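**Q** quick one: sequence plus predicted model below, questions after.
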Amino acid sequence: MRELTYTEAAREALGAEMERDPNIFVLGEGIGKRGGNFNTTTGFFERFGPRRLRDTPICERGFVGLCAGAAMTGTRPVVDFMFIDFILDSFGELANQIAKIQYMTSGRLKMPVVLRGCIGAGSGHATHHSGSYYSIFAHLPGFRVVVPTTPYDAKGLMTTSLRSDDPVLFLEHKSLLNTRGDVPEDDYTIPFGQARVCREGDDVTVVALGPMVSKTLAVCDELAAAGISVELIDPRSLAPLDSEAIFLSVSQTGRLLIIDEAFGPCGIGAEISAQIMERGFDQLDAPVRRLNGPHGPTPFSPPLESAAVPQPEQIAQAIRNLAAE
Amino acid sequence: MRELTYTEAAREALGAEMERDPNIFVLGEGIGKRGGNFNTTTGFFERFGPRRLRDTPICERGFVGLCAGAAMTGTRPVVDFMFIDFILDSFGELANQIAKIQYMTSGRLKMPVVLRGCIGAGSGHATHHSGSYYSIFAHLPGFRVVVPTTPYDAKGLMTTSLRSDDPVLFLEHKSLLNTRGDVPEDDYTIPFGQARVCREGDDVTVVALGPMVSKTLAVCDELAAAGISVELIDPRSLAPLDSEAIFLSVSQTGRLLIIDEAFGPCGIGAEISAQIMERGFDQLDAPVRRLNGPHGPTPFSPPLESAAVPQPEQIAQAIRNLAAE
Amino acid sequence: MAFDNEVLLSLYRTMVVIRRCEEQLARSYQAGAITGACHTYIGQEAVATGVCAHLRVDDAVFSTHRGHGHALAKGVPSRELIAELFGRTTGCSDGRGGSMHLFAPDVGMMGTTGIVGPNILQATGAGYSFQLLETDRVSVAFFGDGGVGNGAFHEGLNLAAIWQLPTLFVCENNMYATEVPFSYAARNTDVASRAAGYGMPGIAVDGNDVLAVAEAAQAAISRARAGDGPTLIECRTYRTRGHAEGMQDGGYRTEEEVNDWKARDPIKAFAARLLERDAIEPQALEQIDREVAGQIEEAVEFATNSPWPDPDTVTDHIFSEGG
Amino acid sequence: MAFDNEVLLSLYRTMVVIRRCEEQLARSYQAGAITGACHTYIGQEAVATGVCAHLRVDDAVFSTHRGHGHALAKGVPSRELIAELFGRTTGCSDGRGGSMHLFAPDVGMMGTTGIVGPNILQATGAGYSFQLLETDRVSVAFFGDGGVGNGAFHEGLNLAAIWQLPTLFVCENNMYATEVPFSYAARNTDVASRAAGYGMPGIAVDGNDVLAVAEAAQAAISRARAGDGPTLIECRTYRTRGHAEGMQDGGYRTEEEVNDWKARDPIKAFAARLLERDAIEPQALEQIDREVAGQIEEAVEFATNSPWPDPDTVTDHIFSEGG
Ligand SMILES: Cc1ncc(C[n+]2csc(CCOP(=O)(O)OP(=O)(O)O)c2C)c(N)n1
Ligand SMILES: Cc1ncc(C[n+]2csc(CCOP(=O)(O)OP(=O)(O)O)c2C)c(N)n1
Ligand SMILES: [Mg+2]
Ligand SMILES: [Mg+2]
């Protein structure tokens, strides 16, 4: 099968859907002729024209609010935030409008808005360009939240997102953008709320988010050699969350660790932990554990930035500790 | 001792601190001559003058961002949002600026900003005027988040908030504003992160937020009669969280229920649940349970609005269920 | 006047419907049949009426917390408005919204909002759709003077201007945002003049003169339909009741000011003008008055007898499919 | 010229410090010593220099992602700037900030921001403090043409105007926000004219003419210190390098345009003017050039030899007390 990068895979999905559905348009800064700071729309301006690929002034609240109105009147906006951090200035439009209008109209209006942007630390962009924030949107009712980690998932989940009538956050970790993987040429969808088992194992279930998946994979062999067999799950979508898949795995292993570079308190790890305890209290042989980045802003300097994200040694250690509990 | 309403108690603290510290000022809509939509500043305009009680245009982002700059240059702003829902339009200033500037300056600048507003459903104001949102601020590093439930706590925590050099969210549930209770005349502080045991008991620990405290208290006698002894804890502050107090209680009871009208997923209940399991796995005789309002916007119509908030019958039932697990 | 008698009488009728409906809502509020917020439109009827007179059912209106008048003028039946404030399933938002969340997309009433600002942006977005879909539909944002200092005004007008979207920005400058005077909230209180900053036409009209509003709106709507972009229309008007029902209304404006504006009642003024200049008989107006009174009476009865929502539906429709 | 030779030479020196420092940072970026963002100020030196010339150490500057020049002009030593971008503890933000988060409150450099907009509001807030504290201190927000369409511009200017805060809003209109031309992002590209909407004085100056900037700033600062409120100053200028180091810089502007502006280099133009009209000897300028070159060389060495932050400090100072 063909290999594509993560970015190419997501772009292929967007392009195909824009061909299919003339009502899809994209707004963002530099997504027109420039093709996107992260190459999310390279070549699209020529392909779809200036009304469907529209550069915006720097007014995140404004164009997100605009997208709400557009979605309410029959078109299908995609907002390309570049760095997802910029979404924060549009938070009111998201939490109070986009998330609520289907409900307030009892479904008479739909809200097909895809909000995409790059998340995460590791590129030296410091605290205003390194946020994740997915847990906040998983907390609020009304959003679908996906965090694909492979090119295959990026394409499939982008297609699903674009065909959904609900608002979707499509979050791409910067460290994954240039990773390569097999991607079918035909279109396909991956349902929201369907986790992927990345590696099977018996002793400890690990749920890892975004780049934590590959960081965990990287230590699994070493752990296996030491007698700890890890089952690794990539939830892919945080809202809805595939607690069933996690629960099934934990029923086998009796142990669960959630690894997430983003903030711990009231984060998705807490939610998974609480849900799995609620469902599988008797199956658990040890408390569910969480490994998060420290609870603070992301600093710039490389040694500090590394310390702000769980690293393979810490991951291995956390798994070893849990296996020993 | 004197009785005051919740609002009077918080106002007394604000007035006393404004007397003490001429650098405190208040911004908000209608907090000047009008004295605040919720009477938060009644009489203050005459007492402290127009520069310290300043009505604003309707530009929440603007005046919150202004407060960041004011705090960075030696004054101590209080933002009175009236309904806390309006805070959402200033989310970028809060999450990216106010929360981070102490860190980014390694403590050379302080950020003494108090952000206050009324939370919660129950007054028929519908989805744009009924939010809580405290879990979001507990998720983000850099905020103190307090949710007092009694007049005594409102005064003590307001004083603490105003003397703190950190940004504080001071959240007042609308249903509590006119409740009365004993309040000392002298000033006093209540440390952040100190829970209050509202009722002692042996069988089930309940952590309840805001008006859920009194709703739970209201069913405790009935439950006691049925042989279930409830220990009720009001966390008062969500960030920092007094997990120690909760843990101590759970060590006795072996059972924990968290009751919160706000959204469940990635909420403070999930965090408490995860923490208590992490600390007290062996002490737990049953899984930690959560009772939240349904995960959706708050509708207007009275029967729907009631259904959007845990009611005493549901609370009693959830406690009975947990006691029986 | 450029309108024929039928149109003139329908303008009159719409204003009377709004007035009587608001008076009824105020009474129902006092009687406890309405909880939460209730911001009446009394005194400002000419604005919604004048603007909506030229709108088609497929044009889109986005309104504020003070949106009853816009809903009625855009075609929401008074019974559905009243039932909504009564919290009944027959309300235009199935009782989920109440006063500040009125939705009737089938007649192009795309919502009111409890938050100041978003509707300005949403109207801009509807303009975006209408342009992308290559229709000649137009969108309208109604907002108060209180919206002018908000970032949504700035960002929305700018986007509409640079993309030449078919959107009308109708500012109802009633000189106060709750108790805060616009002259305090802005050093330049000439809202129409702000349009220049965005490279957009701006016009100020007497918001108590339904024909002046209608004429300005007509010009702006034609321009928008023709693809010539947005317009800012400032309607200078006044609310003669308090900010919201149940709120005190003293201290921030003089009795004299209120009385002056009451004397400029848009309905009375229009009636007088009709009788003077259009050879319309008093009976025609009286008949409308009677019909409207009956309609409102019927609407209240309808609302009162309508069912409450089923609590089990509390989480329906959060997402597009399933619960 | 209203400035004496000492002042003129110091303006020249500041501009040269900025230029040489930026050139060095660009080289260091290419060499891999700097990661993340690095937006140089080359071509715009006259703006920061002209405005900050009149500021006291206790006045407060709030800047953007393109903030190196403002930091240097406000008094941050070049070594602390370079060390910051190198991620070292000796940087002005202890290495926590990098290019977009420069903080040196001891010299009134109150921060740069990676987000467009907030600094406009924070400068307004500093103005609020200075007014409340009854000082004659002033605050300055620097921002690009890209900030003009943002709600923060609108809300900040409005608040400063209605409360007459001692704040300067300095727009560096370099005609592009990344690759998006200002003429696309705004239909009215006359930024200074926007001031009228807020009831505030607005003035446009040649942002490549340090004396024109300095004179406009001087007038605005005096007004602010005297309690006469804010001013919007639009400085028309150009960045002659790409938006950020490591980014391609083609396609969105013509080579001709770039060369035209390079020919209007603010430093060269000022040097020529000094030599012509002020009886300043070429040697004086050459000496400054040499001194600055030495200073930058020393600064790079200082930065290179400075320690990295201790990873264990990663969570220090999140709150005011304790870790
Ligand atoms: C963002 C936001 N902040 C504050 C409020 C509270 N509020 C409701 S109406 C209102 C005044 C609105 O004034 P204006 O826009 O002039 O409309 P009017 O009430 O005069 O029709 C305020 C401050 C709100 N609804 N939204
Ligand atoms: C809110 C926000 N949106 C987007 C960005 C990404 N971004 C960084 S710089 C920039 C362009 C800024 O242009 P301008 O304000 O004119 O400043 P200049 O770079 O020209 O100095 C953009 C879009 C950002 N930093 N913040
Ligand atoms: Mg008004
Ligand atoms: Mg620019």
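**A** On my side now, so go ahead. Ligands and ions are numbered 1, 2, ... in the order given.

**Q** the closest residue to ligand 4 within the stretch 151-300 of chain A and D:Asp316, how far apart?
**A** With C-beta to the ion, the shortest gap between the stretch 151-300 of chain A and ligand 4 falls at A:Phe300, namely 23.1 Å. In short, each C-beta sits where N, CA and C put it, glycine included. Per C-beta to C-beta, to the nearest Å, A:Phe300 is found 15 Å from D:Asp316.

**Q** same check on A:Val219?
**A** 29 Å.

**Q** buried ones in the helix or strand containing A:Leu304?
**A** In this assignment (DSSP states H and E), A:Leu304 forms part of helix A:302-307. Within helix A:302-307, the residues that count as buried by 16 or more other C-beta atoms under 10 Å in any protein chain shown are A:Pro302, A:Pro303, A:Leu304, A:Glu305, A:Ala307.

**Q** the last one reaches A:Pro294, doesn't it?
**A** Yes - checked against C-beta atoms under 8 Å, the pair A:Ala307 and A:Pro294 is within contact range at 7.2 Å.

**Q** okay, and the common contacts of those two?
**A** D:Val314 (C-beta atoms under 8 Å, 6 or more residues apart in numbering or on different chains).

**Q** okay, now C:Asp316: neighbour count?
**A** Neighbours of C:Asp316 under the rule other C-beta atoms under 10 Å in any protein chain shown: 18.

**Q** assess the claim that it and A:Ser106 are in contact.
**A** Yes - contact criterion C-beta under 8 Å: C:Asp316 and A:Ser106 qualify, at 7.0 Å.

**Q** report the buried residues of stretch C:47-60.
**A** Neighbour count says stretch C:47-60 has C:Val47, C:Ala48, C:Thr49, C:Gly50, C:Val51, C:Cys52, C:Ala53, C:His54, C:Leu55, C:Asp59, C:Ala60 buried, by 16+ other C-beta under 10 Å.

**Q** leaving out chain neighbours, which residue sits closest to the fifth one?
**A** Right, C:Val51. C:Ala217 (4.4 Å; C-beta to C-beta, 6 or more residues apart in numbering or on different chains).

**Q** for the one you found, give me the pLDDT.
**A** If you check C:Ala217, the pLDDT there is 98.

**Q** likewise A:Val145?
**A** pLDDT at A:Val145 comes out at 98.

**Q** that one in helix, strand or coil?
**A** Here A:Val145 is recorded as strand under DSSP: H, G, I helix; E, B strand; the rest coil.

**Q** show me what it is bridged to.
**A** Under DSSP bridges, the beta-bridge partners of A:Val145 are A:Leu169, A:Ala239.

**Q** give the burial count for it, as a bare number.
**A** 26.

**Q** quick one: contacts for it?
**A** By C-beta under 8 Å, 6+ apart, the neighbours of A:Val145 are A:Tyr134, A:Phe137, A:Ala138, A:Val168, A:Leu169, A:Leu171, A:Ser237, A:Leu238, A:Ala239.

**Q** quick one: the helices in chain C, in order.
**A** Along chain C, the segments classed as helices by DSSP state H run C:5-30, C:45-52, C:68-74, C:78-85, C:118-132, C:145-148, C:151-163, C:182-185, C:210-225, C:255-263, C:266-277, C:282-304.
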